[in-house]
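**Student:** Structure of the sequence below:
(2 chains)
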Amino acid sequence: MEKILVCIKRVIDYNVKIRIKPDESGVITDGVKMSINPFDEIALEEALRIKESGNANEVIIVSIGPDDTQQQLRTGLAMGADRAIHIEHPTPLEPIQVAKLLSRIVEQEQPELILMGKQAIDDDANQTGQMLAQIFSYPQATFASKITLTGNTLEVVREVDQGLEILDVDLPAIVTVDLRLNEPRYVKLPDIMKAKKKPLEVLDPVSLDVSLDPSIKVLNVSAPPPRQSGVMLEDASQLVSSLKEKGLLND
Amino acid sequence: MTSDQKVLVIAEHFQGEIISSTSKAINCASQISSQVDLLVLSNDPNLSDHASRYDGINEVLVINDDLFENSIASIMAPVIAEIASSYDYVLAPSTTFGKDLTPRVSAVLDVSQITDIMEVIDSRTFKRPVYAGNAIETIEINQGQKVVATVRPASFKDVGDSNNASVKILDLPSVDIPNHTRFKGIQSEVKERPDLQVASVVISGGRGVGSAENFEILYQLADKLGASVGASRAAVDAGYVPNDMQVGQTGKIIAPDLYFAFGISGAIQHIAGIKDAGTIVAVNKDPDAPIFEIADIGIVADLFEFIPDFLSKLD
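**Tutor:** Residues are numbered from 1 along each chain as shown, chains lettered A, B, ... in the order given. Here you go, the predicted structure:
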């Protein structure tokens, strides 16, 4: 195929323990390490492997976010993407808006395959890929843990609640990827230097003609109720008595 | 409760049965309005009987067609969006089925979507988890906008099954149905035990179990207690059990009444999957294992000595 488009999101690094703002308006991001959403990184790795196996000519990455998002796009270029598109927008958007902005890029670039993570680890929405697929009535395969390309068809193994489902989808298609698909490569220093010279186009969302009026308002972000601290017991007899007391074991 | 609002719940079914997560979505729907209908898209006419028994359902809408044999989102979404035109809400369980399907429905309807409703504050205000449950968002959706949402099964109880709702068979609406997606099969473990997401007792093993063979002792205990068996990601990655047994942020989020963690250290990603459990019992050799910080009952012991002893006390 000619092109693969990979959609990536800048999120708080998955190793960071998040902290909630004292006024409960959101999560603290100032001075916090940011990264490519780990599922999107897996999507990019898969695109690069398809290209390296000779089955694609170009891997394009796209991201929507504040100006700092270019750090993550540069990381993606260092991993091996050929060029990057940054749709600059300072505040979080709803997935339907993200899907519509991305649809403009899909119209421009006409990729045969679009890859992204099954969800972003910040809002955990798990919507954008499926919405983008519906906008073009493209096939989708979500929760992908294995992808095999044969001619114009992708066979995708999906990790669903009941086990592993196998779907065949015709290209062009959208695949959202799960954790087990691959292990992303580490970026090497020379590649970081090379990435600085790769093309990175910045777009103003206004030029893409998509309504960005919010329809969902976040009233408050709070910490989940903490669990009560428990007791330590010595052995199985004590456990049996304790569970019986709580009505969790029958006499 | 605003009783003139109409809610459509999408039934999830697998191998001839409606899945319990559907019942939990109905419970959520009933907290929004008393006008709740259940839509069953399948090729199995027998499902409507089960569907009509759920308490809180006003009417069961059924389309029987071979198109719906395997729940393919690109086929179902245009049909659901068409039927949704006379509804104010469309809800589906927040399972891989519902998450795959509902965003396509939202895109046809051109509306924003809410993932993982965990609490209904009022008909426009909901709570949902973000950052794998490490923060809870309270959100409000604009008045007058159709609401498409998925419902987090772990946050709602099953509804009863004493209803006898009327069943209406619908014709397949005339919408464009794509043929670009083909189901080839599903590899599913033969389930001898209750499903992880509905079991009231779950027994999980971690890396401390040591091997696939050693999981046998957990299965014995599970059968004694009528429990389901889960595993930590470490145990799955070590190849002891298949991935569909994984409990945690990257696996299944569950809320049993009683949860046993054997040989599980208690990584954040595992805790995210069991936060809503009633009582958590942790057994681990390592007294410093982080699992003890969140367990209701902790026992420092070797699980291979502890479980046989526990089993004997249950006789």
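**Student:** Do you have the helices of the stretch 1-150 of chain B handy? List them.
**Tutor:** Residue ranges of the helices in the stretch 1-150 of chain B, as given by DSSP state H, counting those that start in this stretch, are B:20-32, B:47-51, B:73-83, B:96-109.
**Student:** okay, these in TSV with mean neighbour count, mean pLDDT and distance to chain A next?
**Tutor:** The C-beta positions use only the backbone N, C-alpha and C, and glycine is treated the same way. Output for these, formatted as TSV (neighbours: other CB atoms under 10 Å in any protein chain shown; pLDDT from 0 to 100; distance: least, CB to the nearest CB, whole Å):
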stretch	mean neighbour count	mean pLDDT	distance to chain A
helix B:20-32	25	97	8
helix B:47-51	19	94	16
helix B:73-83	22	98	6
helix B:96-109	26	98	4
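**Student:** closest to residue B:266 out of the ones you listed?
**Tutor:** helix B:96-109 (25.5 Å; CB to CB).
**Student:** still on that earlier bit, between the helices of the stretch 1-150 of chain B, which one is nearest to residue B:198?
**Tutor:** That would be helix B:20-32 among the helices of the stretch 1-150 of chain B, by CB to CB, at 4.3 Å.
**Student:** mind checking how far that closest one is from the chain centre?
**Tutor:** 11 Å (CA atoms, centre = their mean, to the nearest Å).
**Student:** hang on, the earlier thing: out of the helices of the stretch 1-150 of chain B, which comes closest to residue A:116?
**Tutor:** It's helix B:96-109; of the helices of the stretch 1-150 of chain B, that one is closest to residue A:116 (CB to CB) at 12.4 Å.
**Student:** now the strands for the stretch 151-300 of chain B?
**Tutor:** Ranges of strands within the stretch 151-300 of chain B are B:166-169, B:181-187, B:201-205, B:228-231, B:258-262, B:279-284, B:297-300, based on DSSP state E, counting those that start in this stretch.
**Student:** Please apply the same query to the stretch 151-251 of chain A.
**Tutor:** Secondary structure of the stretch 151-251 of chain A (DSSP E, counting those that start in this stretch): strands at A:153-160, A:163-170, A:173-177, A:200-203, A:216-222, A:231-233.
**Student:** quick one: contacts of the second one?
**Tutor:** Residues outside strand A:163-170 that contact it (CB atoms under 8 Å, 6 or more residues apart in numbering or on different chains) are A:139-141, A:145, A:152-158, A:175, B:72, B:180-189, B:242, B:244.
**Student:** for the third one, same thing?
**Tutor:** Outside of strand A:173-177, the residues that reach it under the criterion CB under 8 Å, 6+ apart are A:39, A:42-43, A:46, A:113-119, A:126, A:129-130, A:132-133, A:138-145, A:147, A:154, A:156, A:169, B:180.
**Student:** about what we covered before: could you dump the strands of the stretch 151-300 of chain B into CSV and include mean pLDDT?
**Tutor:** Output for the strands of the stretch 151-300 of chain B, formatted as CSV (pLDDT from 0 to 100):
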stretch, mean pLDDT
strand B:166-169, 97
strand B:181-187, 94
strand B:201-205, 97
strand B:228-231, 96
strand B:258-262, 97
strand B:279-284, 96
strand B:297-300, 96
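**Student:** got a markdown table for those strands, with distance to residue B:141 and mean neighbour count too?
**Tutor:** Output for the strands of the stretch 151-300 of chain B, formatted as a markdown table (distance: least, CB to CB, whole Å; neighbours: other CB atoms under 10 Å in any protein chain shown):
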| stretch | distance to residue B:141 | mean neighbour count |
| --- | --- | --- |
| strand B:166-169 | 28 | 12 |
| strand B:181-187 | 30 | 15 |
| strand B:201-205 | 33 | 27 |
| strand B:228-231 | 34 | 28 |
| strand B:258-262 | 33 | 28 |
| strand B:279-284 | 34 | 24 |
| strand B:297-300 | 40 | 20 |
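**Student:** Is it possible to get a markdown table of those that adds distance to chain A?
**Tutor:** Below are the strands of the stretch 151-300 of chain B laid out as a markdown table (distance: least, CB to the nearest CB, whole Å):
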| stretch | distance to chain A |
| --- | --- |
| strand B:166-169 | 26 |
| strand B:181-187 | 4 |
| strand B:201-205 | 8 |
| strand B:228-231 | 13 |
| strand B:258-262 | 5 |
| strand B:279-284 | 6 |
| strand B:297-300 | 5 |
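**Student:** mind putting the ones you listed in a markdown table, distance to residue B:153 included?
**Tutor:** A markdown table is the format used below for the strands of the stretch 151-300 of chain B (distance: least, CB to CB, whole Å):
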| stretch | distance to residue B:153 |
| --- | --- |
| strand B:166-169 | 24 |
| strand B:181-187 | 20 |
| strand B:201-205 | 14 |
| strand B:228-231 | 14 |
| strand B:258-262 | 16 |
| strand B:279-284 | 19 |
| strand B:297-300 | 25 |
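**Student:** Nearest to residue B:91, out of the ones you listed?
**Tutor:** strand B:166-169 (18.7 Å).
**Student:** Name the residues that touch the closest one?
**Tutor:** B:48, B:51-52, B:59-64.
**Student:** Adjacent strands (with direction) for it?
**Tutor:** Counting by DSSP bridges, the strands paired with strand B:166-169 are strand B:59-64 (parallel).
**Student:** How many residues are close by the residue in the stretch 151-251 of chain A that chain B sits nearest to?
**Tutor:** For the stretch 151-251 of chain A and chain B, the shortest gap (CB to the nearest CB) falls at residue A:163, measuring 3.6 Å. Residue A:163 has 17 neighbours, counted by other CB atoms under 10 Å in any protein chain shown.
**Student:** Could you check how far it is from residue B:15?
**Tutor:** Using CB to CB, to the nearest Å, residue A:163 is found at 11 Å from residue B:15.
**Student:** For residue A:165, give the beta-bridge partners.
**Tutor:** The partner residues for residue A:165, given DSSP bridges, come to residue A:158, residue B:186.
**Student:** from the middle of its chain, how far away would stretch A:64-72 be?
**Tutor:** 15 Å.
**Student:** And the pLDDT at residue A:247?
**Tutor:** Confidence at residue A:247, expressed as pLDDT, is 91.
**Student:** so what's it up against?
**Tutor:** By CB under 8 Å, 6+ apart, residue A:247 lies in contact with nothing.
**Student:** Phi, psi for residue B:194 please.
**Tutor:** phi -60, psi 150 (degrees, to the nearest 10).
**Student:** And residue A:87, by the same measure?
**Tutor:** phi -90, psi 110.
**Student:** Skip the chain neighbours and tell me the closest residue to it.
**Tutor:** residue A:64 (4.4 Å; CB to CB, 6 or more residues apart in numbering or on different chains).
**Student:** Now tabulate the strands of the stretch 151-251 of chain A in CSV and tack on mean pLDDT.
**Tutor:** Shown next, in CSV, are the strands of the stretch 151-251 of chain A (pLDDT from 0 to 100):
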stretch, mean pLDDT
strand A:153-160, 96
strand A:163-170, 95
strand A:173-177, 98
strand A:200-203, 98
strand A:216-222, 97
strand A:231-233, 94
